[in-house]
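Novice: Prediction below, plus the sequence it came from.
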Amino acid sequence: MKQNRLFPGILLATLALFLLSPSAFAAEGETPENMSIIQTILHGGPLIVFIWICILGTSVTMVTFIIQLFLNLRDENLAPKALVESLGSTIAAGNYQEAWEICRANKAYVALVLRPSLERLGRGKEAVEVSLIENGNREAQILKTKNSYLSVIGVVAPMIGLLGTVIGMMGAFAVLGSAGVSDPRALALRIGEVLMATASGLFIAIPAFVFYYYFRNRANIVIAGADDKVHHLIQDIPFEELSGLRVGDSFEAGAGAPTVGASTSHRVSKTLTTNCPVCNGIIQPGQNPCPHCGATLDWA
């Protein structure tokens, strides 16, 4: 990603500025009256320059996480409308293996939560609901991980600025001890370095915490909406008729399917499925009853 390449590029540019501008490191008695921000930073010495590189890298990382979270925490990203509609029609037709295949081909939150739950259809409704909760919590935690980094940045950035403040104060007291108050310009320059380091840490920490709380609430909202769509997809599944059904990598047509009397009717659409909605056995459109389990099919 471009954001990932931007971070090392800025670090290298700052380091090059540090190495190629030795004249910017003015001696204690050579403090110009009008120094730029870069000159002020370079005047602090290699350690101050390193601290500013850390501050700059932290700010770039924060912006990168904010952009990624804006893109990821969207309703359409977690539960795409086309995917939900496709899963809904497939599950309604009883073609659970096809629904599992659709989930495996997608990386959206809905698909990642629903796929392992479909593998437990043959174990009953309770097993499926437990699987939904477990997988939902896992995927939600993964989504929230990057947001937690914003909180870390909000804590670390002021600490980096404080480190620069302490180092700057050490230089200010050194100037004061060697020249006394006879050189107020050098002392003012050192104090300026202190204030810049402190301000930079706060400048990063404040938006980091603001966006952390915003994305924390946003994540809860979009995840709750996606979970609601997942539960809506499975609410009409006839679990009592699917005891022993195997879905997923271990799928076998007709394996573990329940014995269904010929009087039981199941609606099947010729345009949506070529599998029996009861046992998932392969059937021909219009074929009745199912040659695998004997279920009576109502072709629409």
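Specialist: Done, it's in.

Novice: going forward, measure contacts between C-alpha atoms and count neighbours the same way
Specialist: Fine.

Novice: Surely residue 150 touches residue 210?
Specialist: No: using C-alpha atoms under 8 Å, residue 150 is not in contact with residue 210, being 9.2 Å away.

Novice: which of these two has more neighbours?
Specialist: residue 150 (25 against 13; other C-alpha atoms under 10 Å).

Novice: What's the separation between that one and residue 67?
Specialist: Distance of residue 150 to residue 67, computed by C-alpha to C-alpha, to the nearest Å: 12 Å.

Novice: cool, and residue 159?
Specialist: Taken as C-alpha to C-alpha, the span from residue 159 to residue 67 is 24 Å.

Novice: Between the two, which has more neighbouring residues?
Specialist: A side-by-side neighbour count of residue 159 and residue 67, using other C-alpha under 10 Å, places residue 159 first with 16 against 11.

Novice: tell me which element that one is part of?
Specialist: Taking DSSP states H and E as the criterion, the element that holds residue 159 is helix 125-179.

Novice: Contacts only, for residue 155.
Specialist: residue 205 (C-alpha atoms under 8 Å, 6 or more residues apart in numbering).

Novice: where in the stretch 201-300 of the chain is pLDDT low?
Specialist: Where the stretch 201-300 of the chain drops to pLDDT under 70, the residues are 250-274, 277-280, 292-300.

Novice: quick one, strands of it?
Specialist: 265-268, 296-299 (DSSP state E, counting those that start in this stretch).

Novice: Quick check: phi and psi at residue 124.
Specialist: With angles defined as degrees, to the nearest 10, residue 124 sits at phi 110, psi 170.

Novice: hang on, isn't it packed against residue 243?
Specialist: Yes: using C-alpha under 8 Å, residue 124 is in contact with residue 243, at 6.6 Å.

Novice: Helices of the stretch 1-150 of the chain, start to end?
Specialist: 2-20, 37-43, 46-72, 75-78, 81-92, 96-104, 109-118, 125-179 (DSSP state H, counting those that start in this stretch).

Novice: confidence score at the nearest residue to residue 248 once chain neighbours are set aside?
Specialist: Residue nearest to residue 248 in three dimensions, not counting chain neighbours: residue 119, with 5.6 Å by C-alpha to C-alpha, 6 or more residues apart in numbering. We have a pLDDT of 88 for residue 119.

Novice: quick one: contacts for residue 119?
Specialist: 100, 246, 247, 248.
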